[in-house]
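**Student:** Build the 3D model from these lines:
(2 chains)
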Amino acid sequence: MDDRMKSEQQRWKNKIASSAVKRHPERKELFTTVSGKPIKDLYTPADVPDFDYLTKLSFPGIYPFTRGIQATMYRGKLWTMRQFSGFATAEESNRRYRLLLERGQTGLSVAFDLPTLMGYDSDHPLAMGEVGKCGVAVDTLQDMETLFNGIPLDKVTTSMTINAPAAILLAMYIAVAEKQGVKPNQIGGTVQNDILKEYIAQKEWIFPPQPSMRIITDMFAYGSSEVPLWNTISISGYHIREAGATAVQELAFTLADGIAYAQAGIDAGLEVDEFAPRLSFFFNSHNDLFEEIAKFRAARRIWAKVMKERFKAKKERSWWLRFHTQTAGCSLTAQQIENNIVRVTIQALAAILGGTQSLHTNSKDEALAVPAEEAATTALRTQQILAYESGIANTIDPLGGSYFIEKLTDEMEEQAWDYINKIDEMGGMIAAIERGFPQKEIMEAAYRYQQAIEKKEKIIVGVNEFLMEEEEQPPFLMIDPEVERAKQINKLQAIRQQRNSAKVEECLKRLRIAARGKDNLMPFILESVKAYASLGEIINVMREEFGEYQEPSVF
Amino acid sequence: MNSYKAKIRVLIAKPGLDGHDRGAKVIARSFRDAGMEVIYTGLRQTPEQIVTAAIQEDVDVIGISILSGAHLYIFPRIIELLKEKGATDMLIIGGGIIPEIDIPKLKQIGVAEIFTPGAHTTEAIEFVKQRLRGK
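**Tutor:** Predicted structure coming up:
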């Protein structure tokens, strides 16, 4: 910055701005982001001294990819509009998927119910009250056949939010595709398969860390040779943020998880460039527009450095941080729910300006129930309006070069590295989790945020300010879990009678032997699902061999 | 509450398969900071385990956090078990994603209050203190 500008900035700060503040004090003593990060009144070239364009940003599609991973970004192809959906039985979810595709959605995203996520069949006692409630129930391959009935798996890509049992659902998907005449190397999609964030945040784990990491690296290996278009993991910050983390914590813990997976792959004997191009990410997008945009840009830059410098990856694709975004469920209010449409719009805007590859926009009623059809349509329309009417997809990284955005991006990167280094010093993410470190950091942040709302340091419209008498709540999608459970149990019992039990036994036995040894588990799981072994039966074998995780519980 | 007890004792319970424990932990911490004795069950407790813990710990309040939608199964089961064991003097409160339409049903079976998204921790703290003062 030249001397003339320095003196002009001094004059503004000491004379013009300070006398304005004397006449009208600023609204607050401290302005902060949603995450509590202090924000200055003005950002200027002085905030980004010695800014080297090529090192910090470079061009889209060129290392370190700060401006985007593709050379043309949304001018070439819009992000994938991928609405997460699933409830009740496979029949009903299949109807919703076909409706969403008909209305212009471009990819599928499957929500499973809690028993499926936790590896229990619908007839397990712990499934009482939960079958089909938060997602669709899948017990056997038959349910998956129904779920994708009439949906061509060589044309649509599918994301499945499933973690501990991810290998089983991927196997079922491969089997359904084969029945449609689609080869494994033609199917595209993602399984979430991110167990570390389950220990940290969402808490839907089954096995302890070591066998969980083995299943994941088996999937990396199997995926790269057999299902090359499949993303074998979606390393997720979403749930970390929902559990109360700040934006920096979300960024840092997610990338630290990514480092742990990459290291596990290498330790399992894989070449980094074999599996790294299939690693994908999943972030949250909260209300603070600029903080979120900076987070996405910083994420790309950090990951590119991690892959290139730390893991010595050679392929460009290994350096890419490709990510899905979901707007922040935890930001939605149960009060004046129409306002949630506006929140979702801001959050979606941040994701797009941050260069996301795919996006889920939440429905306005999600603080209350599973989305009703009309609410789900408005959420999809929000993305379409942003894509086709707002003009934000016309140019690449439109905020690049803004003093504020670049400074925020730098700061988020620095703060994330601090966390990553700290976790490295602890011996990596698994060791940090066992100590309860990320869990505790998140818990503290969640508590601070709640306190800030209660003290009105942060205003949430309709919650702690601008309240009004509420009209009656609109009709929600009500799911009766006992009805769903009865339907599922009937189907499951019928399958158990029809299938070749001896074959199922044999498959499960072979899986057990593989679990005890070092063979890749995927072929054994695939064989079992094709014989119509249920999810619960397969998980039971693995649970018996691998044991169950016990949480160090802190509050 | 009994006069010999200095502090209000609260059991925060997380039933069902759902692992979203942000709310449970924030409320546990808030109750503790408000001077109460708080026991947190940890995740995935069956109604049987919750009732056993509540009786063993001799709590005044059971706070149940549930976001999965299984509340119409979980709450009645806990209350039924408490009745079976003769522990009918505990204050039962709940929180989580619970549609308004279900709240009267829960109150009818004996849940004292439900705190839904957006509720302040101070509301829950005041509610508990008020109700236990009257006892």
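**Student:** and residue A:108, helix, strand or coil?
**Tutor:** Put simply, residue A:108 is strand when judged by DSSP: H, G, I helix; E, B strand; the rest coil.
**Student:** Backbone dihedrals for residue A:191, please?
**Tutor:** Torsion angles at residue A:191 (phi, psi; degrees, to the nearest 10) stand at phi -110, psi 140.
**Student:** can you list the residues of chain B near chain A?
**Tutor:** Within chain B, the positions near chain A by C-beta under 8 Å from any C-beta of the partner chain are B:16-22, B:24-26, B:28-30, B:32, B:38, B:40, B:42-44, B:46, B:68-70, B:72-74, B:97, B:99-101, B:116-118, B:120-122. Quick note: C-beta positions are derived from backbone N, CA and C, even for glycine.
**Student:** How about residues contacting the one helix or strand in chain A whose mean pLDDT sits lowest?
**Tutor:** One helix or strand of chain A scores below all others by mean pLDDT, DSSP states H and E: strand A:80-85, with a mean of 87. By C-beta atoms under 8 Å, 6 or more residues apart in numbering or on different chains, the surrounding residues in contact with strand A:80-85 are A:93, A:96-97, A:100, A:104-111, A:157, A:159, A:161, A:324, A:326, A:357-361, A:371, A:376, A:379-380, A:383-384, A:387.
**Student:** In ChimeraX, select just the buried ones from the residues you listed.
**Tutor:** Command for ChimeraX that selects the buried part of these, burial taken from 16 or more other C-beta atoms under 10 Å in any protein chain shown:
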select /A:93,96,97,100,105,106,107,108,109,110,111,157,159,161,324,326,357,358,359,360,361,371,376,379,380,383,387
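**Student:** Tell me how far the residue most central in space within chain B lies from residue A:125.
**Tutor:** The residue lying closest to the centre of chain B (C-alpha atoms, centre = their mean) is residue B:63, at 1.4 Å. Going from residue B:63 to residue A:125 by C-beta to C-beta, to the nearest Å gives 24 Å.
**Student:** where along chain B do the helices fall?
**Tutor:** B:22-33, B:47-56, B:71-84, B:103-108, B:121-133 (DSSP state H).
**Student:** now residue A:189: how far from residue A:302?
**Tutor:** Going from residue A:189 to residue A:302 by C-beta to C-beta gives 26 Å.
**Student:** Can I get the least confident helix or strand of chain A as CSV, trimmed to CA atoms?
**Tutor:** Taking Å, rounded to 0.1, in the frame of the first residue of the first chain, the C-alpha atoms of strand A:80-85 are listed here in CSV:
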residue,chain,number,x,y,z
THR,A,80,-26.2,-30.7,-9.1
MET,A,81,-29.5,-30.0,-7.3
ARG,A,82,-29.6,-32.9,-5.0
GLN,A,83,-32.4,-32.9,-2.4
PHE,A,84,-32.1,-35.4,0.4
SER,A,85,-35.2,-37.3,0.8
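**Student:** any idea which of the helices of chain B is most buried?
**Tutor:** helix B:22-33 (a mean of 21; mean count of other C-beta atoms under 10 Å in any protein chain shown).
**Student:** If you count contacts, what does that one end up packed against?
**Tutor:** Other elements packing on helix B:22-33 under the criterion 3 or more C-beta pairs under 8 Å, 6 or more residues apart in numbering or on different chains; DSSP states H and E are helix A:437-454, strand B:9-13, strand B:37-40, strand B:61-66, strand B:91-96, helix B:121-133.
**Student:** So residue A:453 is in contact with residue A:447, correct?
**Tutor:** No - using C-beta atoms under 8 Å, residue A:453 is not in contact with residue A:447; the gap is 11.1 Å.
**Student:** Not counting residues beside it along the chain, what's closest to the residue in the stretch 51-200 of chain A that chain B sits nearest to?
**Tutor:** Residue nearest to chain B within the stretch 51-200 of chain A: residue A:129 (3.1 Å; C-beta to the nearest C-beta). Nearest non-adjacent residue to residue A:129, counting by C-beta to C-beta, 6 or more residues apart in numbering or on different chains: residue B:73, 3.1 Å away.
**Student:** Now do the contacts for the one you found.
**Tutor:** Residue B:73 is in contact with A:128-129, A:481-482, counting by C-beta under 8 Å, 6+ apart.
**Student:** Next: residue A:215.
**Tutor:** Taking C-beta under 8 Å, 6+ apart, we find residue A:215 in contact with A:166-167, A:207, A:521, A:542.
**Student:** want to try a markdown table for those, with neighbour count as columns?
**Tutor:** Shown next, in a markdown table, are those (neighbours: other C-beta atoms under 10 Å in any protein chain shown):
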| residue | neighbour count |
| --- | --- |
| A:166 | 23 |
| A:167 | 25 |
| A:207 | 21 |
| A:521 | 23 |
| A:542 | 24 |
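**Student:** from those, which is closest to residue A:334?
**Tutor:** Residue A:334 lies nearest to residue A:166 out of the contacts of residue A:215, by C-beta to C-beta, at 31.6 Å.
**Student:** quick one: contacts of stretch A:462-471?
**Tutor:** Identification of contacts with stretch A:462-471 by C-beta under 8 Å, 6+ apart yields A:333, A:335-336, A:339, A:453-454, A:456, A:459, B:118, B:120.
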